[in-house]
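Novice: Using only what follows, build the 3D model:
(chains A and B)
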Amino acid sequence: MPTAADSVLDLPFDAVPDPEEFLRAAMRWHFSPETGSPFWLERASLLDFDPLTDIRTFADLTRFPNLAGELREVRAEDLVPRGYGDRPDVVGVYESGGTTGAPKRIVLLRDWLDRLLGWSSAQLDAHGVPQGVNWLVVAPTGPHMVGDVIKHQTALRGGLAFTVDLDPRWVKRLISEGKGAEAGAYAEHIVDQVAHVLRTQDVGVLMCTPPVLERLAARDDLAKLIEDKVQAINWVGTQMDPDTRHLYRTEVFPGARLYSGYGSTMILGNASERPGLTDDEPCVYDPWSPYMTFSVVDPETGVPVEYGERGQVVMHHVSKSLLMPNNLERDHATRCRPAPGAAQTGDSVADIAPVREFDNETVIEGVY
Amino acid sequence: MSELIALDALGPKGTYRARNRVTVTDVAGVPAADLGLVPKLFVSRTMAALHRAESLPAAERIAALARAARVFTEEEIGGLSYEDYRRTVARVSGVPISVVREATAAIAEAAEQAGFVVAQPRPAGAVGDWRDPGTRDGSAVWTRRGSVFAVHAAGNHPGPHSLWLEALALGYRVAVRPSRREPFTPHRLITALRSAGFGEDQVVLLPTDHEAADEILRGADLGLVYGGDEVVRKYAGSTVLPQGPGRSKILVTADADWRDHLDTIVDSISHQGGVACINATTVLVDGDPAPLAAAIAERLAALPSLPPEDEKAVLSAQPVEGARAMESFLLAQAKGTVAHLGGEGVVEELPGGGAVLRPAVHQLPKADARQAGIELPFPCVWVGPWSPADGIAPLRESLVLTVLTEDEKLVDALVEEPSISNVYLGDHPTYWIRPGVPHDGYLGEFLMRTKTVIRH
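Specialist: Presented below is the predicted three-dimensional model:
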């Protein structure tokens, strides 16, 4: 009889566990009274199945209700598995963007962060992003996870992290209130801060969103600084179309590596752009399975769509530090096969977009 | 099926083949072209390139425009002869081929006469160049208000593309965002301009989706957009000149007999398929409007329903779905009026696909009835009563007003009314226009300013 604390939950980042063995060990951990979190132990009795016996495969995770919404209200302490003891090594409490209602909270524990950084650093290496250089991180800090994680990652890879804060909630609020000019002014405020760091410091890697990158590219002086200093650009947050990506690679910043991640607070990390994609291929993201797994489903039926078809993204996070299965994200994506030869559970995804809206071009009145 | 025509952006370093493509279909839904849409980053870089570029000297611009007119009308461009191109425009825009021929010839004429056309708006007190001897004693010089001009083009009719040629003639670098419905005309015109001597960084074609469209205006000093009342409100008084609804009208006062002018009235409604802003939307008559409405209806009822590429076509065509939507809109709006034609519907589907919007004639209960301002892109006219007691209020907000009257005081008031752009007295159709007269004020009034220069 194995104990709830199983070594398969503590593997180094580059050791791939048997997914189903790992999954069963995780269920034992999260649903045993001595190791599980108060959050899950309280809800176990409400489930119409027994996680210890009925969750055998990753497909079974869809039996869980989507409890992500409860992360808006629950006490943060109750999310920490008891198995971490009285003094768990907590890196921070972080919140989701808050695009769809109040923000959702998670707790980031040290052991997960360490392994996440090991894995994501290996992804950066695979994309030719240099080690031992400084990063300029133009990303949400404050309650958001990404800014802090990248600071730790930079330290791990040997460099300083300069940060410019970006408040996504304020931007979304300005846009939803139709204050386009104010949103533009805020973006310029960010660009000005970026400019100061770029002028005065050695910056080897720039992390920012595609809209910020467009504004930087549009300023000749900053484009020149980026061309001269920056060896890699890690873009995150929203998508970049293939034409734009091609322009950056060939005309705007031909000297810089372009790399992207597709992250979510609810999986405590991000999927990583597949290395070696050509300019004509869509940007495919591979999750770090079995800890993060994706499926792409028909939003009406919840049934997975075919490969190559579009649907809504469902994410599962299963690790020692957190169980957050069956979370239906707002994003839509194209369902992709894993990279050839990869031991990956679940789907890869491409062409991420918020629920697609179509232009209605049927204009009735007028001659134009 | 023949291979699709590929229409690509014409950027500052030549043709740019975007991966993001949309299909342009004809009125029957048959694919006609594959149009590449450029991303925002391409737009902002292109606009920056236009700012960095220099313009050709004035005389070379005028000569190149004249050469471009010949290329436009004589050469094969992108695999299409002039006639192939005009046929394609008829098929995708639904504008009858005879109308397309007239409109494209007018574009060529505007290019040929650009030197004359752009000299017309110059104030009498201004010279065209600081080197003019007039500046020795001090003189106004006619100068540009900026360097880069952006156009969000319309696709209803090729005609409006002659307008931005003035900006090019005046030395602006010009970016045109084509309509996704009819990108052929600006593509052909800009290709012709480039082969005639304009640089690739002096005139560009930027097909984009909605998101990148604003970037074209943002990246320009001045802009021109086409649209409805909402567009006019959005851009009024800004660096973007909106071209809004036409709501052109005809007024027949008691001292004139509409029977003497019926040809002109009917023509004003239906010329060019009724798709233009200079087609009459409203006809007001001092007296009973019923006989006039009946006479117009009788004439318009005789127009045949033919596909747009037919030599005898006079009515414009649409995809069926759009035509049906237009029809239900009209039927709902027409409540409270008396239908003389089209009261049961206006859509006639064509055997080869698509539908013609047949004319509609409705009689209004009073001059200022709500419907009088509803302008639709086919021969759709509102005929109403008018009496001198109504004054000029029902005639406001008109791009063109043709007035059949002997009453000079009334004419004074109409010419002085700021919301009426053009006043045609007597038997002139609302669509009358020729190079050198303003369409809605001179574009030059918007593009240029005077500046005093004195020298030794």
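Novice: and the residue of the stretch 51-200 of chain B found nearest chain A, backbone torsions?
Specialist: Nearest residue of the stretch 51-200 of chain B to chain A, counting by C-beta to the nearest C-beta: B:Ala154, 4.3 Å away. (Glycine included, C-beta is placed from N, CA and C.) Backbone torsions for B:Ala154, taken as degrees, to the nearest 10, come to phi -100, psi 160.
Novice: Leaving aside the residues adjacent along the chain, what's closest to the spatially most central residue of chain B?
Specialist: Nearest to the geometric centre of chain B sits B:Pro160, at 3.6 Å (C-alpha atoms, centre = their mean). Leaving aside its sequence neighbours, B:Pro160 sits nearest to B:Ala154 (C-beta to C-beta, 6 or more residues apart in numbering or on different chains; 5.6 Å).
Novice: Residue 323: neighbour count?
Specialist: Let's take chain A. 24 (other C-beta atoms under 10 Å in any protein chain shown).
Novice: Correction: the question concerned chain B.
Specialist: 23.
Novice: Hmm, B:Ala153 and the residue nearest to the centre of chain B touching each other?
Specialist: Yes: between B:Pro160 and B:Ala153 there is a contact under C-beta atoms under 8 Å: 6.8 Å.
Novice: what residues are shared contacts of the two?
Specialist: B:Tyr226 (C-beta atoms under 8 Å, 6 or more residues apart in numbering or on different chains).
Novice: ranges for the helices of chain A?
Specialist: A:19-31, A:38-44, A:51-54, A:110-126, A:145-157, A:168-176, A:180-200, A:210-218, A:220-229, A:242-247 (DSSP state H).
Novice: Over to chain B?
Specialist: Under DSSP H, chain B gives helices at B:40-52, B:58-74, B:82-93, B:97-112, B:114-119, B:165-169, B:184-195, B:210-218, B:229-235, B:262-270, B:289-301, B:320-333, B:408-416, B:443-447.
Novice: what's the last one packed up against?
Specialist: Put plainly, it is helix B:443-447. helix B:165-169, strand B:222-226 (3 or more C-beta pairs under 8 Å, 6 or more residues apart in numbering or on different chains; DSSP states H and E).
Novice: Between those, which one is closest to A:Lys229.
Specialist: Of all the helices and strands packed on helix B:443-447, it is strand B:222-226 that lies closest to A:Lys229, at 35.6 Å by C-beta to C-beta.
Novice: residues making contact with the closest one?
Specialist: Taking C-beta under 8 Å, 6+ apart as the rule, strand B:222-226 contacts A:368, B:145-146, B:148-154, B:160, B:163-164, B:172, B:216-217, B:231, B:235, B:239-243, B:443, B:446-447.
Novice: Around chain A, which positions in the stretch 351-456 of chain B sit nearby?
Specialist: B:374-377 (C-beta under 8 Å from any C-beta of the partner chain).
Novice: now with 6 Å?
Specialist: Within reach of chain A by C-beta under 6 Å from any C-beta of the partner chain, the stretch 351-456 of chain B has these residues: B:Pro377.
Novice: The residue of the stretch 51-200 of chain B closest to chain A: neighbour count?
Specialist: Residues lying near B:Ala154 (other C-beta under 10 Å) number 22.
Novice: Likewise for A:Thr301?
Specialist: For A:Thr301, the neighbour count with other C-beta under 10 Å is 9.
Novice: Burial check on residue 84, number of neighbours?
Specialist: By default, I'm working from chain A. 18.
Novice: look at chain B instead
Specialist: With other C-beta under 10 Å as criterion, B:Asp84 counts 15.
Novice: Verify the contact between A:Asp89 and A:Asp111 for me.
Specialist: No: if you go by C-beta atoms under 6 Å, A:Asp89 and A:Asp111 don't touch, sitting 7.2 Å apart.
Novice: Looking at these two, which is more packed in?
Specialist: A:Asp111 (16 against 12).
Novice: what residues does the stretch 51-200 of chain B put near chain A?
Specialist: B:154, B:156.
Novice: Where does pLDDT dip in the stretch 201-350 of chain A?
Specialist: For the stretch 201-350 of chain A, no stretch has pLDDT under 70.
Novice: mind redoing it with 90?
Specialist: Residue ranges of the stretch 201-350 of chain A with pLDDT under 90: A:218-220, A:237-239, A:279-282, A:329-330.
Novice: got the residue ranges for the strands in it?
Specialist: A:205-208, A:232-235, A:257-264, A:269-273, A:284-286, A:292-297, A:310-318, A:323-336, A:348-354 (DSSP state E, counting those that start in this stretch).
Novice: Just name the most buried of the ones you listed.
Specialist: Across those, averaging neighbours per residue (mean count of other C-beta atoms under 10 Å in any protein chain shown) puts strand A:205-208 on top, at a mean of 26.
Novice: Measure how far that strand is from the centre of its chain, please.
Specialist: Computed by C-alpha atoms, centre = their mean, to the nearest Å, the separation of strand A:205-208 from the middle of its chain amounts to 16 Å.
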